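*Asks:* coordinates for the following, if possible.
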Amino acid sequence: MNIVIFGASGMLGYDLVHHIKSLAGHNIGLISTPSSGEVDLSDRVNVQHCLSTMKSRGFDTVINCAAVTDVNGIQSCIADEQKSYYLNALAPKYIAEACNTLKMRLVHISTDYVYSDMSLETKMYHDEFPKNIYGYHKLIGELFIKSTMSSNYTIIRVGCLYGMNREKSFIHKFLKNVANSIKNKDYSPSVVNYQCSTPTSTEFVCDIIINLLENEMYGTFTASPSGHANRFEFAEKIIELMNKTGKFPDELNSVTVKEDYAELNYFIPPVSYMEGINQSSHIGYGYQWTWEDDLTRFIDYYSESLSEWFSRIMRSDAR
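*Replies:* Prediction:
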């Protein structure tokens with residue numbers, strides 16, 4: 001496969017590039033996100049021209065990871081809401097139109113936020129009633145794709161992603177707070193206990209994407225390991241696994257995460273895990289691969305780089 005990746009600088013896109021480069025037999029074409037000023041995905045002509053050029057160079061598959069994901073910003077700022085509509089709703093439409101015309105395969109990354117905030121039992125009936133504007137825009141993007149391409153597309157709904165992007169990954173944000181707490185002699189940093197979801201590594205999603213492509217699976221899927229946790233439980237597990245590696249400063253052994261019973265953000269669904277939604281289309285390694293397994297693999301694999309980065313924060317020279 002010769003793969004064009006939109007949103008290659010984002011959390012998933014960045015790790016997907018490195019993942020695909022490690023595989024034999026795949027070439028990658030990286031397309032910059034609109035923020036770089038190179039390709040405006042909200043411009044139909046621009047998108048068509050871009051993909052026509054890539055098609056002429058032998059590329060046959062498009063993976064769209066580009067998105068605006070600041071849920072609170074989109075909800076509260078008109079400018080951010082407009083950006084979200086352009087990138088989360090219109091861009092998938094234009095990409096789908098171009099892929100349909102050029103006969104290119106499309107893989108589009110969507111979100112668990114297309115569902116409502118109802119219980120898991122209700123979600124099993126596909127209650128696609130988003131609780132926030134971000135979710136609505138992502139759902140509209142999905143519908144545009146489905147109405148434009150009768151086949152040759154795959155939509156993958158994911159949620160609670162973490163990876164090696166230090167600005168966006170929960171793991172890095174949490175560890176930065178932990179390091180600052182230790183420096184302030186506070187060994188009990190607070191973490192909110194809301195939002196029951198399934199922590200999912202970008203590596204897990206990358207595996208799913210390649211699996212769906214290589215097996216030519218089409219349609220709409222949800223993807224996550226099995227099980228679920230709130231933010232507090234997720235944070236506790238991070239500390240436990242990092243200490244087991246023995247590669248982090250001794251101070252980390254003294255850290256005990258404190259549960260913060262902060263009020264739930266109205267726009268964040270309190271229940272957002274997906275393993276029970278239409279089990280025939282949920283990709284999660286047969287429910288044998290848990291989120292704890294996924295997190296263990298991630299921390300084991302990246303323990304050295306995480307340790308080095310954490311130590312730099314402790315010395316106050318993190319970048």
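*Asks:* buried stuff in the longest helix along the chain?
*Replies:* The helix that spans the most residues within the chain, counting by DSSP state H, is helix 291-314. By neighbour count with 16 or more other Cβ atoms under 10 Å, helix 291-314 contains the buried residues 291-292, 294-295, 298-299, 302-303, 306-307, 309-310, 313-314. The C-beta positions use only the backbone N, C-alpha and C, and glycine is treated the same way.
*Asks:* tabulate these (CSV), appending pLDDT and distance to residue 9.
*Replies:* Formatted as CSV, the buried residues of helix 291-314 follow (pLDDT from 0 to 100; distance: Cβ to Cβ, whole Å):
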residue, pLDDT, distance to residue 9
291, 95, 26
292, 96, 29
294, 95, 23
295, 97, 24
298, 95, 20
299, 95, 24
302, 92, 19
303, 93, 25
306, 93, 21
307, 93, 25
309, 91, 19
310, 91, 23
313, 88, 23
314, 88, 28
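*Asks:* adding distance to residue 65, write those residues out as TSV.
*Replies:* Written out in TSV, the entries for the buried residues of helix 291-314 read as follows (distance: Cβ to Cβ, whole Å):
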residue	distance to residue 65
291	21
292	25
294	19
295	21
298	18
299	23
302	20
303	26
306	23
307	28
309	23
310	27
313	27
314	32
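*Asks:* shaky segments in the stretch 1-150 of the chain?
*Replies:* 24-38, 117-127 (pLDDT under 70).
*Asks:* quick one: the helices in it?
*Replies:* For the stretch 1-150 of the chain, applying DSSP state H, counting those that start in this stretch gives helices covering 11-21, 44-56, 71-76, 78-84, 91-102, 120-123, 133-148.
*Asks:* now those helices in CSV, with distance to residue 195 and mean neighbour count?
*Replies:* Formatted as CSV, those follow (distance: least, Cβ to Cβ, whole Å; neighbours: other Cβ atoms under 10 Å):
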stretch, distance to residue 195, mean neighbour count
helix 11-21, 18, 20
helix 44-56, 34, 17
helix 71-76, 11, 17
helix 78-84, 20, 15
helix 91-102, 25, 23
helix 120-123, 14, 16
helix 133-148, 14, 21
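*Asks:* so for the residue nearest to residue 296 when sequence neighbours are not counted, what's the pLDDT?
*Replies:* Leaving out its chain neighbours, the residue that sits closest to residue 296 by Cβ to Cβ, 6 or more residues apart in numbering is residue 241, at 5.8 Å. We have a pLDDT of 95 for residue 241.
*Asks:* residue 241 and residue 295 touch, don't they?
*Replies:* Yes - the pair residue 241 / residue 295 is scored as a contact, 6.3 Å apart, by Cβ atoms under 8 Å.
*Asks:* relative to residue 237, how far out is residue 259?
*Replies:* 14 Å (Cβ to Cβ, to the nearest Å).
*Asks:* next, give phi and psi for residue 230.
*Replies:* phi -90, psi 180 (degrees, to the nearest 10).
*Asks:* ok, now which ones touch it?
*Replies:* 192, 193, 194, 195, 196, 197 (Cβ atoms under 8 Å, 6 or more residues apart in numbering).
*Asks:* shouldn't residue 42 be in contact with residue 86?
*Replies:* Yes - counting by Cβ under 8 Å, residue 86 is a contact partner of residue 42 at 3.6 Å.
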